[in-house]
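Chemist: Task: produce atomic coordinates for the following.
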Amino acid sequence: RLSVLPHAPLDSLRGSVKRSGRLSSLVAQVGRKGSAAHDYLDLVTDELHFAHFKKLMPWDHAAGVLIHAEAGGYGRLLNAQPYQPVFCRAGLLLAPSEQSWRDLSALIE
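Modeler: Down below sits the predicted model:
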């Protein structure tokens with residue numbers, strides 16, 4: 001059974017972001033493998049707590065968002081709307097819980 005990592009303090013989170021800015025100094029680790037598919041796999045196999053995506057092509061995210069949610073994760077667009085597999089300019093943030101999402105979304109540039 002797949003599951004996301006549990007809610008944890010901000011300074012212990014590991015995540016995937018393209019440009020981290022001040023976020024990298026407030027969490028344990030940030031990086032990017034270069035593939036949304038790898039990030040989604042890492043989110044549900046205890047490798048990553050969170051992932052942020054700016055480019056939202058449905059073929060990159062529709063299945064991953066569903067898998068992440070089914071594994072217990074919380075994901076929303078940065079405008080706080082649920083993800084829809086249609087063109088959108090808002091970024092997407094996936095986290096282990098709604099509280100983690102709120103904490104992280106305030107730091108995403």
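
Chemist: I'd like the next helix or strand past the lengthiest helix in the chain.
Modeler: The longest helix of the chain (DSSP state H) is helix 58-70. Downstream of helix 58-70, the first helix or strand assigned by DSSP states H and E is strand 74-77.

Chemist: Return the set of buried residues in that next one.
Modeler: By neighbour count on 16 or more other C-beta atoms under 10 Å, the buried set for strand 74-77 is 74-77. The way it works is simple: take the backbone N, C-alpha and C, and place the C-beta from them, glycine included.

Chemist: Check which element follows that strand along the chain.
Modeler: Following strand 74-77 toward the C-terminus (DSSP H and E): strand 92-95.

Chemist: Work out for me the element Ala52 sits within.
Modeler: One thing to correct before we go on: residue 52 is His, not Ala. Element membership for His52 (DSSP H and E) is strand 50-53.

Chemist: low-scoring stretches of the chain, by residue?
Modeler: Residues of the chain meeting the criterion pLDDT under 70: 20, 109.
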